[in-house]
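1. just the structure for this:
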Amino acid sequence: MSVGVWANTAEEVGDQLVGAFQNPGLLLGIPLALAGAVFMSLGAQYQHRGVEKVERLSGADGAAGLTFSQIKALLTRPSWILGTLMLVLAIVCQLAALVKAPLIVVQPLGAIALVITTLLNARISGHSPTKKSLTAIIFCVGGIFLFVFFAAIYATEKEVTERELFVILALLLVVIIVLGACWLVLRHRMRALFYVIGAGILYGFVATLAKVVIKRIEASQFEWITAVCVLALLAAASVGAYFVQTAYSSGPPDLVIAGLTVVDPLIAVLIGMIVLGEAAAAPWWVLIIFAAAGAIAVWGVVNLARYHPQVLSDSQELGIERGSTPAPGSSASADSPHSESQNRPDLP
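-> Numbers count the residues shown, from 1 in each chain. Prediction:
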């Protein structure tokens, strides 16, 4: 591009940005989405703690899928119940944000939960982030916020037609079948990344369907197709919740949140762009930025799964100092299996 073209493009972006943030709905939707991210990070930490305790008490590893008895036991864990209540508040904030702002603006803002969860998990587990894991987190958050910056400028909302709803529901059915088949056949070899990606994909559909249902109810259009959307939303949310709880049993909470806050908005955004046409006003170069930002964020999730200090420590692939450093001559070792529980706050 020539200097003149770049100058015109910069001026256009500036004008669009000023106009976007003069939108009252956007100014309210963004803080609501950020509040939801805070509740999400706290809820994830407490739910993860509850799953860990249930695994210890049952003596069974839930990495291949939580059993019915383990799920039942979760309902009696105070930490898990508190985490669930916080996640409910996160969902309320997210739905309220979806009412006020475009889908492809609201969804990516959940990435702030990754930063909060990382700090919380480092404090509680004693696994300080390494340089590689911090780099991965920066890529996750940076990619998502690069996306949301341009999404806030060019996102538009359109009325969803019944044909578009049928497309979304058909895609969701295919996704559930594929994920279910993979789980049945390969669940004993699955790791946290599979469950995180699966839950993120399903939650992307949940966010989209929630947006559609809210808009149709506001327009007094609660007919049979809306009821089908509600049922599909509940089914996707239930399967996604099961995947998330299983991911907690095989991975740290910040890895789970990293996957959700990247995969969830990317899926919702793809649906919003391709099916709902929310990015129809975006020029071609913005679409390239969207693709690059998404690739950066996904790269961050994959590398966080590879280099997260808790993952490496649990797999014994690398000696990672856990908790406080014992005094010289002390019988306690940083690699002791009990050091983690000794050095983190006791959650219920």
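2. how about low-confidence regions in the stretch 101-250 of the chain?
-> Where the stretch 101-250 of the chain drops to pLDDT under 70, the residues are 102-105, 107-108, 125, 127, 152, 155, 157.
3. mind listing the helices for it?
-> For the stretch 101-250 of the chain, the helices defined by DSSP state H, counting those that start in this stretch occupy 103-106, 112-125, 131-154, 162-186, 192-218, 224-250.
4. tally of neighbours for the spatially closest residue to residue 191 that is not a sequence neighbour?
-> In space, and not counting its chain neighbours, residue 191 is closest to residue 250: 5.9 Å by Cβ to Cβ, 6 or more residues apart in numbering. In this view, the C-beta of every residue, glycine as well, is placed from N, C-alpha and C. Residue 250 is flanked by 24 other residues according to other Cβ atoms under 10 Å.
5. wait, doesn't residue 250 sit right on residue 189?
-> No - here residue 250 does not reach residue 189: they are 11.4 Å apart, not a contact under Cβ atoms under 8 Å.
6. sorry, back to before: can I get the helices of the stretch 101-250 of the chain in TSV with distance to residue 58?
-> Shown next, in TSV, are these (distance: least, Cβ to Cβ, whole Å):
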stretch	distance to residue 58
helix 103-106	38
helix 112-125	21
helix 131-154	30
helix 162-186	20
helix 192-218	19
helix 224-250	11
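7. residue 87 is nearest to which of the ones you listed?
-> Comparison of the helices of the stretch 101-250 of the chain against residue 87 by Cβ to Cβ identifies helix 224-250 as nearest, at 8.9 Å.
8. tell me which strands and helices that closest one is in contact with?
-> In terms of contacts (3 or more Cβ pairs under 8 Å, 6 or more residues apart in numbering; DSSP states H and E), helix 224-250 is packed against helix 24-58, helix 68-74, helix 162-186, helix 192-218, helix 253-270.
9. out of the ones you listed, deepest packed?
-> Of all the helices and strands packed on helix 224-250, helix 253-270 has the most neighbours on average by mean count of other Cβ atoms under 10 Å, namely a mean of 28.
10. so what secondary structure elements neighbour whichever helix or strand comes after that helix?
-> Later in the chain than helix 253-270, the nearest helix or strand by DSSP states H and E is helix 284-307. Judged by 3+ Cβ pairs under 8 Å, 6+ apart, helix 284-307 is in contact with helix 131-154, helix 192-218, helix 253-270.
11. rerun that using 7 Å as the cut-off
-> The contact analysis (3 or more Cβ pairs under 7 Å, 6 or more residues apart in numbering; DSSP states H and E) places helix 284-307 against helix 131-154, helix 253-270.
12. returning to that earlier point: how close does the residue nearest to residue 191 get to residue 116?
-> According to Cβ to Cβ, to the nearest Å, residue 250 and residue 116 sit 22 Å apart.
13. before we move on, back to that, any idea how far residue 55 is from the residue nearest to residue 191?
-> From residue 250 to residue 55 the distance is 10 Å (Cβ to Cβ).
14. and for these two, which residues touch both?
-> Counting by Cβ atoms under 7 Å, 6 or more residues apart in numbering, no residue touches both residue 250 and residue 55.
15. contacting residues for the closest residue to residue 175 other than its chain neighbours?
-> Closest residue to residue 175 apart from its sequence neighbours, by Cβ to Cβ, 6+ apart: residue 201 at 5.9 Å. In this structure, residue 201 makes contact with 175, 263, 267, judged by Cβ under 7 Å, 6+ apart.
16. number of residues surrounding residue 75?
-> Neighbours around residue 75, by other Cβ under 10 Å: 11.
17. then residue 251?
-> Residue 251, neighbours per other Cβ under 10 Å, totals 25.
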